[in-house]
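Trainee: The sequence and its predicted three-dimensional model are supplied below.
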Amino acid sequence: MLELNIYRNTNDQSEAYNKYYPRVDYKEEMSIADLAKHMAEHNTPFSAGTIAGILTDAAYCIREQTLNGKTVKIDNLAIFKCTVEGNGQNALYSKTKGAIRAAIGEKTTTCAVKSVKLLAQATGDYRKHALNGDVVLGWTKAANDLIEAAKEAANQGG
């Protein structure tokens, strides 16, 4: 089950100011070793150590290939790819600054790129429509308490 917390947008510059939004309450972060141990418990002939080695190599290779401009698709999970966040430039070339560069830097420079990001786009059984049908949602205790307090306040004329 995905447990949800509630947060209130406090950015007064946002259209969403003062609105309430759900956020997933993540229980733990699993390492490759944790995932390998879990996978080994699913009646596989491979040990947790073997699986961990394969997963470690896979992570390294996905990074290597995406940094070489390729997308890597793992069926029923995700398509991994690199993308860039750009710096908007007023011109491709300036006599004082020179040409824009395919480099990472701050907005005030001639660098075209602000940062590089890794994207994971859901595929197959992990796409939105499939997840929406499979997921079980519930509120955390803290979120339930907030909802109950709001309910009591509303019922008391607050």
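Mentor: Received the coordinates, thanks. Since this is a predicted model, take the numbers as computed values, not measurements. Residues are numbered from 1 along each chain as shown.
Trainee: Which is the succeeding secondary structure element to the lowest-mean-pLDDT helix or strand in the chain?
Mentor: Counting by mean pLDDT, DSSP states H and E, the chain has its least confident helix or strand at helix 128-134, which shows a mean of 83. Toward the C-terminus, helix 128-134 is succeeded by strand 137-139 as the next helix or strand (DSSP states H and E).
Trainee: Quick one: list the elements packing against that next one.
Mentor: strand 2-8 (3 or more C-beta pairs under 8 Å, 6 or more residues apart in numbering; DSSP states H and E). To be clear about C-beta, it is placed using only N, CA and C from the backbone, and glycine gets the same treatment.
Trainee: Point out the other helices and strands that the strand it packs on packs with.
Mentor: Counting by 3+ C-beta pairs under 8 Å, 6+ apart, strand 2-8 packs on strand 20-24, strand 137-139, helix 141-155.
Trainee: export stretch 117-136 as CSV, just CAs?
Mentor: Output of stretch 117-136 as CSV, limited to C-alpha atoms (Å, rounded to 0.1, in the frame of the first residue of the first chain):
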residue,chain,number,x,y,z
LYS,A,117,18.9,14.9,-15.5
LEU,A,118,18.1,11.2,-15.7
LEU,A,119,14.5,10.5,-16.6
ALA,A,120,12.7,7.3,-16.1
GLN,A,121,9.5,7.0,-18.2
ALA,A,122,7.1,4.3,-17.2
THR,A,123,6.6,1.5,-19.7
GLY,A,124,4.4,-1.6,-20.0
ASP,A,125,2.9,-2.8,-16.7
TYR,A,126,4.3,0.3,-15.0
ARG,A,127,2.4,2.8,-17.1
LYS,A,128,-0.1,5.1,-15.4
HIS,A,129,-3.3,3.3,-16.3
ALA,A,130,-1.9,0.0,-15.1
LEU,A,131,-0.6,1.5,-11.8
ASN,A,132,-3.9,3.2,-11.2
GLY,A,133,-5.6,-0.1,-11.4
ASP,A,134,-3.1,-1.9,-9.2
VAL,A,135,-2.3,0.5,-6.4
VAL,A,136,-3.9,0.6,-2.9
